[in-house]
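**Q** With the sequence up front, the predicted model follows.
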Amino acid sequence: MRDFFVPGHSPAVAEHGMAATSLPLASLTAIDVLRAGGNAVDAAIAAAALLCVAEPAMTGIGGDCFVLYSPKGGRPLALNGSGRAPAKATAEWYQERGMTAIPPTSPHAVTVPGAIDAWFRLHEAHGSKEMAELLRPAIKAAEEGFRVTPRVAYDWADQRERLGHDPDAAAQYWPGGAAPAAGDLFRQPALGATLRRIARKGPTAFYEGEIAAEIVAHLNARGGLHTIEDFAAQRSEWVEPISAAYRGHEIVECPPNGQGLAALIMLRILAGYDLAGAQWSEADRIHLLAEATKAAYRLRDDYIGDPAHHPVDVAGLLSEARAEAIRGAIRLDRALPDSHWSAAEHKDTTYLCVVDRDRNAVSFINSLFNAFGSGLYAAKSGVLLHNRGMCFRTISGHPNAIAPGKRPMHTIIPGMVMKDGRAAMAFGVMGGHYQAVGHAQIVSEMLDRGRDPQAAANAPRSHATEGVLRLERTIPDSVAADLARRGHKIEWAPKPLGGGQVIAIDWERGVLIGGTEPRKDGIALGY
C-alpha cells in the first residue's frame, strides 16, 4: 500500500480489460476498442497507430515493431517486425568510402520500415475487427489534429537540429520555426491520407506503389541504396521467444536480433543475489545492477546480430556457468572497468500493453530509434523514416555487420512474465539502450521487493553506460557519494531514464493491475 500523503497515483485496477500506454488518448483508444468487442490485439494495433500520429518523435509508420502475444494467458508468441538493409548494402561498400559508422541522419541509416507489415501480420493471425476500423482513430488524429501533451512537447523542443537536415521535415514538424507547445493542435494530413490508403488496401499500399516509390526516391536522392524491390520483399517473422527463470517466474523476451537477451543475462546474474534481503543498501542494489549491465552489454555488443546471418548461442549466454563466472568477478566494494561502447546511443521509442477479458495479453513496441528517426521525411505520403540502420557495424565479420537483407541489432524489446504456465505480466520499458536495464529493474522491483506495477515504475533509475553511471535526481546525494567511493564515475541524468508500462494479471482474484510511466504523459486505464 502506498503512502497517500506522498504525491503520486495508485495502480490501475480493473476486471474486464486494461491498456497502458504513454498517452491518455492512446489508452482511451485501446479501451474503446475493447469495450466495443475487440480483443487485445485489436486494441494494441489501434493504440499503436494513434501513437504513431500523436507521439511523432518516438514512433511512426516509418519505423519498426516487435510483439509478444499470449493467447488467453498461454505460451507467448513472438513477432519480429524489424526491417532489413537494402540488397545493395555490404560492409565493403561502406569501407570503400571510408565510413566507419553510419551517421544518424544518413539515408544509409534507414532500413525498410517493418511496422506496417508487422501490424497486418499480427492482425491477420489474431485480430478480430476490421483493420479500417482500428486505424480510424489514428486517421482522425492525423487529419483533424491532436493536442500536444507536455512530455511530447518537451521531447519535440529538443530536435530542431535533427529536423533541420530535411527541409520537408522542418516544414512539417517545426512549423513557423518553432516546435508545438503543450496544448497546441497539430495536424498531419499527408500521414492521414496514407493511413486511409493502408486501411483500404492493406500493407501493399505501403510497400508497393506510390508510397514506396516516393520513399525510395527520397532516399536515393540523398545517396541511399534502396530499391522498390527491397520494400516489396519486407516480411515480418513469427519467431520462438527466449526466456530465463527468475524468482520462480519465467521472464520471456523476443530473441535476437533484439537485445532482450541482454535483459535475461542481467537477470541471470542478479539471480545469484538475495535482493529481497534487508542487508542490501540502495547503493548496493544500484552497484550490482551496474555491474550486471556492463557484463551483459559487453556480451550483447560482441555476439548479438541477425541470427539468420550469424547464429547466436542463446543457451550458452544464459548458462549458469557463465552467470556464475560473471558474479565471481563482481566486487561489492569496487566497480569493474566499463565495457567497450561502440554501439549507437538512443533513448526514444514508445511501448504499450493490453490485456482483454479473455486474458489475451499483448506486449507491443514500435519505434523510430532516435527522436524523429533519421529526420528524413517523405512529404507527399507523410512518412518520417527511422534510423535503425545506424546500429549496424561496417566491420566485416562482426555479428552485426551490415549486409544485404540483414536486420540490425535492435534495442526495442517487449517483455512478458509467466508463472505456472500462465502470463503473469505484460511489461516493457522505453529508452533505447536503457531498455534491457529497465526490464531487469522492473522485474527486480516487483519480484524481489514486492512492489506493485505503479510503485515499480515510480522507482528511481540508474544506467551504467559509456563509462559513467547515470543517476536520476530522485536518488539521494548520499547514495551517489557511496557509489562514487566504489569507483563509479557519477553523472546526473539530463533527462528521466526511460519510460514503461506494466499490466499484471491476478488469476486467482480475476483482477488486472496496471502501472504507467510517471516520466511520460500516459495512463493505465481499465474497466
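**A** Alright, I've got the coordinates.
**Q** Next, the contact list for residue 140, please.
**A** Applying C-beta atoms under 8 Å, 6 or more residues apart in numbering, we find residue 140 in contact with residue 192. The C-beta positions use only the backbone N, C-alpha and C, and glycine is treated the same way.
**Q** Surely it forms part of a helix?
**A** Yes. Using DSSP: H, G, I helix; E, B strand; the rest coil, the secondary structure at residue 140 is a helix.
**Q** So for it, what's the pLDDT?
**A** Looking at residue 140, its pLDDT stands at 98.
**Q** any idea how far residue 63 is from it?
**A** Residue 140 sits 21 Å away from residue 63, going by C-beta to C-beta, to the nearest Å.
**Q** Just the CA atoms of stretch 29-45, as PDB, please.
**A** Provided in PDB are the C-alpha atoms of stretch 29-45 (Å, rounded to 0.1, in the frame of the first residue of the first chain):
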ATOM      1  CA  THR A  29      -8.500   4.400 -27.800                       C
ATOM      2  CA  ALA A  30      -7.500   0.900 -26.700                       C
ATOM      3  CA  ILE A  31     -10.200   0.700 -24.100                       C
ATOM      4  CA  ASP A  32     -12.800   1.900 -26.600                       C
ATOM      5  CA  VAL A  33     -11.800  -1.000 -28.900                       C
ATOM      6  CA  LEU A  34     -12.100  -3.500 -26.000                       C
ATOM      7  CA  ARG A  35     -15.500  -2.200 -24.900                       C
ATOM      8  CA  ALA A  36     -16.700  -2.400 -28.500                       C
ATOM      9  CA  GLY A  37     -15.900  -6.100 -28.500                       C
ATOM     10  CA  GLY A  38     -12.400  -6.100 -29.900                       C
ATOM     11  CA  ASN A  39      -9.600  -8.200 -28.400                       C
ATOM     12  CA  ALA A  40      -6.200  -7.200 -27.100                       C
ATOM     13  CA  VAL A  41      -4.600  -7.400 -30.500                       C
ATOM     14  CA  ASP A  42      -7.200  -5.100 -32.000                       C
ATOM     15  CA  ALA A  43      -6.700  -2.700 -29.100                       C
ATOM     16  CA  ALA A  44      -2.900  -2.700 -29.300                       C
ATOM     17  CA  ILE A  45      -2.900  -2.000 -33.000                       C
END
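**Q** Just the buried positions in it, please.
**A** 29-31, 33-34, 38-45 (16 or more other C-beta atoms under 10 Å).
**Q** Can I get the residues you listed in a markdown table including distance to residue 439?
**A** As requested, those are arranged in a markdown table below (distance: C-beta to C-beta, whole Å):
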| residue | distance to residue 439 |
| --- | --- |
| 29 | 25 |
| 30 | 22 |
| 31 | 25 |
| 33 | 27 |
| 34 | 26 |
| 38 | 28 |
| 39 | 25 |
| 40 | 20 |
| 41 | 22 |
| 42 | 26 |
| 43 | 23 |
| 44 | 19 |
| 45 | 23 |
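**Q** Go ahead and measure how far stretch 193-211 is from the middle of the chain.
**A** Relative to the centre of its chain, stretch 193-211 is centred 25 Å away, using C-alpha atoms, centre = their mean, to the nearest Å.
**Q** ends of it, how far apart?
**A** For stretch 193-211, the separation between the terminal residues is 11 Å (C-alpha to C-alpha, to the nearest Å).
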